[in-house]
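> sequence first, then the predicted structure, then my questions.
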Amino acid sequence: MAAASELPHAVCVHLAREAIAAGPQHHTEAAAVQRALHYRRTLLSPVINATGVLLHTNLGRAPLAMAHPAHAINVELDLTTGNRGSRQHAVGGLLATLCGAEAAMVVNNNAAAVLLVLAALARERQVLVSRGESVEIGGGFRVPDVMEQSGAHLVDVGTTNRTRLADYSKALTRTSADVALVLKVHPGNYRIEGFVEGTPVEQLATLGVPVIADIGSGLVDAGCPWLAGPPPAWLAHEPAARQTLEAGAALVTFSGDKLLGGPQAGIIAGRADLVAACAGHPLARALRPGGHVLLALQHVALAYLDRTAATTIPFWQMASVTLPQLRHRAEAIVASAGIGTVVASEAVPGAGSAPGTVIPSVAISLTGDHLEVLRAATPPIVARTRDGVSLLDLRTVHPGDDIHVGAALAALAVPAVPAVPAIVAAH
């Protein structure tokens with residue numbers, strides 16, 4: 001069992017005991033090996049994302065190599081003085097520069113960033129939120145629940161589909177000036193269209209109360225200066241950190257592993273006094289990231305600042321590859337595998353980024369549902385089906401994995417050989 005599955009002996013012993021407890025039919029060597037192989041497939045491992053979802057939450061969102069040498073790093077040591085330093089100083093400074101903010105800090109995800117901001121700046125006080133922005137996103141993250149955990153008090157403003165500046169002003173008057181913040185939440189995983197109206201940050205900033213903008217997806221600059229051409233059309237309605245702060249937001253919060261293309265992290269950027277209040281709150285220690293995340297995020301921030309993000313950050317490599325390049329790769333795979341058809345496709349940003357938008361792409365189409373077989377390949381390939389057709393979208397496949405995709409498709413092209421029943425001689 002251990003040799004077949006490459007699992008540690010202790011794990012195999014545990015699985016063998018489970019098999020014994022399951023009954024006599026599970027006592028065979030073949031059943032034991034199958035159990036071990038199944039367990040092996042439940043462990044974390046690299047997979048090939050052929051879904052066309054660039055930021056696939058189930059597949060770890062933004063792909064990123066996190067190479068870290070086996071050395072100590074100066075996480076909380078100031079090398080210039082030899083004294084203890086802040087783990088937020090280096091990366092926070094780079095992110096502040098990137099966002100055009102006075103200061104920035106990092107926690108372990110964006111939900112933690114929102115929680116910390118509310119706890120540090122609005123505990124036992126009121127926070128105004130439009131009813132249309134009191135949302136739930138993936139994983140059961142609900143704004144009212146996070147507000148409750150922070151100790152802040154939610155004040156609903158306006159209606160689900162229309163909230164005007166006058167609604168906020170009325171709420172300020174009604175709540176007898178005990179309002180600590182106005183929270184504006186970008187509805188990242190859905191879009192309301194039709195008879196709708198919202199209040200932009202520029203208007204909210206005139207209320208005299210700090211505006212916290214949870215922009216979520218992590219676009220740092222609407223101009224995308226790290227790209228050779230203009231910003232992609234699918235980003236047209238996505239809020240960006242730099243422009244949101246310029247519009248008057250006191251703080252912005254966003255994810256590190258979405259459009260930023262970095263590791264899982266939550267970023268708080270904006271006014272130095274408010275960032276300092278967040279950093280000084282007791283929750284900040286519980287929510288702080290480790291050295292590996294900070295180092296990876298530092299590499300990402302430097303790539304943006306030196307304008308190499310388009311060629312060094314995997315997310316932007318995926319987003320920027322041209323349709324002719326994708327079609328050439330798809331045709332080469334189909335030709336080598338002897339199976340499949342090259343078709344036009346539509347990829348999506350994913351992870352609540354730019355909802356309702358698509359990115360033109362190219363896919364390999366296979367008649368029938370082959371998802372289970374593709375997941376069993378080495379490495380596993382995760383694709384999608386539509387109307388009885390399996391689609392492998394090349395925009396989310398790293399070019400270095402084309403050979404693995406071709407091998408998996410070639411295996412599908414070879415018909416399975418039926419097993420020959422064994423003949424047992426009579427004695």
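Looks like it came in fine. Residues are numbered from 1 along each chain as shown.

> how is this structure divided into domains?
As given by automatic domain parsing, the domain ranges for the chain are 1-43, 46-62+317-413, 89-312.

> what mean pLDDT does the shortest one get?
Think domain 1-43. For domain 1-43, mean pLDDT is 81.

> which stretches of the stretch 101-250 of the chain form strands?
Remark: strands assigned in the stretch 101-250 of the chain by DSSP state E, counting those that start in this stretch are 103-107, 126-130, 136-137, 141-142, 153-157, 179-185, 211-216.

> neighbouring strands - and their directions - for the fifth one?
Looking at strand 153-157 with DSSP bridges, its partner strands are strand 126-130 (parallel).

> contact partners of the strand it pairs with?
118, 143, 147, 152-158, 163, 167-168, 171-172, 175, 178-185, 198-199, 209 (Cβ atoms under 8 Å, 6 or more residues apart in numbering). C-beta here means a position set from N, CA and C on the backbone, and glycine is covered the same way.

> hmm, which of those residues are the buried ones?
For the contacts of strand 126-130, a neighbour count by 16 or more other Cβ atoms under 10 Å gives the buried set as 118, 143, 147, 152-158, 163, 167-168, 171-172, 179-185, 198-199, 209.

> quick one: the strands in the stretch 301-427 of the chain?
Ranges of strands in the stretch 301-427 of the chain, per DSSP E, counting those that start in this stretch, are 341-347, 359-367, 381-382, 384-386, 389-393.

> now do the longest one against strand 341-347, angle only.
To tie it back to what came earlier, the one meant is strand 359-367. Put simply, strand 359-367 runs at 140 degrees to strand 341-347, going by axes from the mean of the first three to the mean of the last three Cα atoms, to 10 degrees.

> where does the stretch 51-200 of the chain have low pLDDT?
136-141, 175-177, 188-194 (pLDDT under 70).

> show me the helices in it, by range?
All helices of the stretch 51-200 of the chain, identified by DSSP state H, counting those that start in this stretch, fall at 89-99, 110-122, 143-150, 165-174.

> which stretch among these approaches Pro8 most closely?
With respect to Pro8, and counting by Cβ to Cβ, the nearest of the helices of the stretch 51-200 of the chain is helix 110-122 at 33.3 Å.

> give me the angle between the closest one and strand 179-185.
Relative orientation of helix 110-122 versus strand 179-185 (the same axes, to 10 degrees): 160 degrees.

> what's helix 110-122 packed up against?
helix 143-150, strand 179-185, strand 211-216, strand 251-255, strand 266-270, helix 272-279, helix 283-287 (3 or more Cβ pairs under 8 Å, 6 or more residues apart in numbering; DSSP states H and E).

> so for Pro355, which of those sits nearest?
For Pro355, the closest of these is strand 211-216, at 10.3 Å, according to Cβ to Cβ.

> who touches the closest one?
With contact meaning Cβ under 8 Å, 6+ apart, strand 211-216 is reached by 110, 113-114, 117, 121, 137, 181-186, 188, 201, 204-205, 239-241, 244, 248-255, 258, 352-353.

> cheers, nothing more for now.
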